[in-house]
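Enquirer: Sequence plus the predicted model coming up.
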Amino acid sequence: MRNLFSDDEQEAIVELMNLGVGRAASSLSRLVQDEVLLSVPKVEFVQLETAEETFKELLPKALAGVTQAFEGFINGKAALIFPEERSLELVRIVVGNELSASEISELEQDTLAELGNILLNSCLASLANLLKREINTALPEAYSGDYQRMLEVLCDQQDSLIMLVQIDFSLRQRNLQGYLVFIIDLNSATGFHSALQDYLADLLGNDL
Amino acid sequence: MLELIKLLETGLVITNSQSQVLLWNNWMERVTGIKAQEANNRSLAQLFSQPPSPALLDAIEQACNDRLSRRLSHQLHPFLLPLSQPASGQQLHHSILARPMKFAGQSACLLQINDVTNTVRREQHLRDAEALLRFEKEILSLVAHNQPIESVWQALTTGMQKLAPGSEAGLLLLDEHSQYLTNPVTSSHGYLPSQLTVNSQTPAGAAARTGRLQLAEFQNQEQPAFWWCHPLTTSEERLAGVLQLAWPATTQEPTASLTLLERSAQLAAIALQNHQQLLQVRYLAQHDALTGLANRSLLNDRLQDQCVHARQKQQGFALLFIDLDGFKSVNDEYGHDAGDALLIELSRRLQKHLDSRDLVARLGGDELVVLSQQTQTQHQAFALAEQLNDLLSQPFDWQGFHLQAGASIGIALFPDQGDTANKLLTQADNAMYLAKSRGKGQAASCDLSAVVYNEQNSNSEG
């Protein structure tokens, strides 16, 4: 699995993620009527066996965010996650609410789910569009817990490929860091693989 | 299956990518007043006079064309569809889930419309309660830190206006004669009065007279349409003022306005009580408990201020250090109660005789000090000393006894005998000992070694 993707393919994935996140940024900007900047500084592929350790290392203990299932040319689950208190901050910056309660309210949870929905839909749809494949997404669910529980929620399959994307949000003079996690069912990884190869071949073909 | 959909207590709509309705359940009929037959095959834009939110149309398109599910939250989209509550006709707050599906063989979008009206109301309620709590915390913190009462009043009225947008908050405090109500805060705008009499025919006057909450409503243009007044009472159930909240007819009644007014009135009463206690503590810290005269601490403060002031104005002033003659024997002969009574009487005489701008202090025992602004020359100082000596040596009848003392008075003038508080006090003290050493009932100034005999030699120096 380590060598599932060549360097070229990995670069292509990062590029596609960048495009997806960029599209999400413009939808979010329109929604909150303020400039939202999203950057993708880091993409990491994590092995399932070492996932727990990697997550423990990279992610804060208490997490909150949004998970969403997808199926099509690849199957799996995606998540937008934040340190727990940060997810609240995101919602409150977006909504412009000065509520200081430490717990996320029902409506805020819904808003967080929508924000995750927009981001994950954009990334997955860009991926599918650019790779000329199809993908369906399910409804997003708000989520909170520690990284172990998140792994349990996300990885119900034994064979999964985990892609961890760190993104930086910047809106209304505030900066927030979050992560996108894509858990791709390895049974569908061959589909992903061939889609990437077609894409790269197209790129090369166009270059010629 | 269709029967089941009818029973659902949630909105279900199926549309195609052009947002044309393919299914419209009973719940939708109820909250829109549009029957399923009318809705079928018409687009959402055609069904409502107000257009549906573009975000909703986007989500429908995404679901049908890209097969993406979307969640449209109430906070980000407060007006997705113009829905109203069947019973009250009020806006029905909702969120929508959009999911891709196949319907009659074509790509379609299933919209699930959830009523979140109660959640919105509940969270608004929580938010209001929290804002009120934060406001209370702010005011109580100002009070706890003994901030100047003016800044507490300012924060109180500003905070009330913030919590009740479009309204005006005004404080009125009762004067000591219980005649006038006056706003201690300068108000920038506003229709609320900054002063009125307790007898005025206004809700504020009525609240002050009756001690009861007044919720008045006016029809004319002269006054605010709503003028609510809450009496402020101290812990001793004494009326201290009135807190007012008013807003024009054009403004919607602020949410929880009555709670706000009541809680704010409580805060104002706490602030007022604390302020009065603070004044009391300050008074006790600066005054002698027995006589009510200023103590050494207040004398020092005033003397320092007076030195600064006199230097600026280039004006003199006098300090007279008085030690009672024969006070010890009064104590020995008649007991301490007699001594105390005599001290109280003599203090009263001094205060009555002196100008209100002058200060009389008791340093302890039978030592008194007079700080006199008007007395600027040796001549005036000796004249004053003589008057005081005369005043203090008059006998006092107490429980059938004739109590009597005299005074030895030391004089120090600013700036001749000193230009600081310490120097002046030392010089006056020294002069008092000089006077005492020359025989009782005299006044002296160290500088001129002048002595005046109280009774025999009026005004003479030396």
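Expert: Cool, got the structure.
Enquirer: mind checking the backbone torsions on residue A:160?
Expert: When read as degrees, to the nearest 10, the backbone of residue A:160 gives phi -140, psi 150.
Enquirer: give me the low-pLDDT residue ranges for the stretch 101-250 of chain B?
Expert: For the stretch 101-250 of chain B, applying pLDDT under 70 flags the ranges B:187-189, B:221-222.
Enquirer: those helices in it, which residues are they?
Expert: Along the stretch 101-250 of chain B, counting by DSSP state H, counting those that start in this stretch, helices occupy B:117-144, B:149-163, B:203-210.
Enquirer: so which helix or strand takes in the residue positioned nearest the centre of chain A?
Expert: Compute the mean C-alpha point of chain A, and by CA atoms, centre = their mean the closest residue is residue A:180, 2.9 Å away. Following DSSP states H and E, the helix or strand that holds residue A:180 is strand A:174-185.
Enquirer: pull the CA atoms of the helix or strand following that strand into PDB?
Expert: Following strand A:174-185 in sequence order, the next helix or strand is helix A:189-207 (DSSP H and E). Backbone C-alpha positions of helix A:189-207 (Å, rounded to 0.1, in the frame of the first residue of the first chain) are rendered in PDB as follows:
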ATOM      1  CA  ALA A 189      -8.500   2.300  -4.500                       C
ATOM      2  CA  THR A 190      -7.800   0.700  -7.900                       C
ATOM      3  CA  GLY A 191     -10.500   2.900  -9.400                       C
ATOM      4  CA  PHE A 192      -8.800   6.000  -7.900                       C
ATOM      5  CA  HIS A 193      -5.500   4.700  -9.200                       C
ATOM      6  CA  SER A 194      -6.700   4.300 -12.700                       C
ATOM      7  CA  ALA A 195      -8.600   7.600 -12.700                       C
ATOM      8  CA  LEU A 196      -5.400   9.400 -11.600                       C
ATOM      9  CA  GLN A 197      -3.400   7.600 -14.400                       C
ATOM     10  CA  ASP A 198      -5.900   8.700 -17.000                       C
ATOM     11  CA  TYR A 199      -5.800  12.200 -15.600                       C
ATOM     12  CA  LEU A 200      -2.000  12.300 -15.700                       C
ATOM     13  CA  ALA A 201      -2.000  10.800 -19.200                       C
ATOM     14  CA  ASP A 202      -4.400  13.500 -20.300                       C
ATOM     15  CA  LEU A 203      -2.200  16.200 -18.900                       C
ATOM     16  CA  LEU A 204       0.900  14.800 -20.600                       C
ATOM     17  CA  GLY A 205      -1.100  14.300 -23.800                       C
ATOM     18  CA  ASN A 206      -2.200  17.900 -23.700                       C
ATOM     19  CA  ASP A 207       1.300  19.100 -23.000                       C
END
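Enquirer: relative to strand A:174-185, how tilted is helix A:189-207?
Expert: Calculated by axes from the mean of the first three to the mean of the last three CA atoms, to 10 degrees, helix A:189-207 forms an angle of 110 degrees with strand A:174-185.
Enquirer: got the buried residues for helix A:189-207?
Expert: Buried residues in helix A:189-207, counting neighbours by 16 or more other CB atoms under 10 Å in any protein chain shown, are found at A:189, A:191, A:192, A:195, A:196, A:199. (Each C-beta comes from the backbone N, C-alpha and C, glycine too.)
Enquirer: For it, which outside residues touch it?
Expert: By CB atoms under 8 Å, 6 or more residues apart in numbering or on different chains, the surrounding residues in contact with helix A:189-207 are A:4-5, A:8-9, A:12-13, A:73-74, A:130-133, A:161, A:184.
Enquirer: neighbour-wise, which of those residues leads?
Expert: Within the contacts of helix A:189-207, most neighbours by other CB atoms under 10 Å in any protein chain shown means residue A:74, with 25 neighbours.
Enquirer: Next, it: secondary structure please.
Expert: coil (DSSP: H, G, I helix; E, B strand; the rest coil).
Enquirer: Show the contacting residues for it.
Expert: Going by CB under 8 Å, 6+ apart, residue A:74 touches A:135, A:184, A:185, A:188, A:189, A:191, A:192.
Enquirer: Can you lay out these as a markdown table showing pLDDT?
Expert: Below are the contacts of residue A:74 laid out as a markdown table (pLDDT from 0 to 100):
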| residue | pLDDT |
| --- | --- |
| A:135 | 91 |
| A:184 | 83 |
| A:185 | 80 |
| A:188 | 75 |
| A:189 | 77 |
| A:191 | 82 |
| A:192 | 84 |
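Enquirer: tell me the two of those residues that are most distant?
Expert: Spatial extent of the contacts of residue A:74 (CB to CB) is set by the pair A:135 and A:189 at 14.3 Å.
Enquirer: In the helix or strand harbouring residue A:21, which residues are buried?
Expert: Following DSSP H and E, one finds residue A:21 within helix A:7-32. Applying a neighbour-count criterion of 16+ other CB under 10 Å, one finds A:9, A:12-13, A:16-25, A:27-28, A:31-32 buried in helix A:7-32.
Enquirer: Return the closest of the contacts of residue A:74 with respect to chain B.
Expert: residue A:135 (7.3 Å; CB to the nearest CB).
Enquirer: now the closest one: how far from residue A:123?
Expert: Distance of residue A:135 to residue A:123, given as CB to CB, to the nearest Å: 10 Å.
Enquirer: Between these two, which is the more surrounded one?
Expert: Applying other CB under 10 Å to residue A:135 and residue A:123 shows that residue A:123 carries more neighbours, namely 27 against 20.
Enquirer: Name the spans of chain A whose pLDDT lies under the cut-off.
Expert: The model of chain A has pLDDT under 70 over residues A:1-4, A:97-103, A:156-158, A:206-208.
Enquirer: who in it is up against chain B?
Expert: Contact residues (CB under 8 Å from any CB of the partner chain) of chain A with chain B: A:31-32, A:68, A:72, A:91, A:94-95, A:97, A:99-101, A:105-108, A:110-111, A:113-115, A:117, A:121, A:124-125, A:128, A:134-140.
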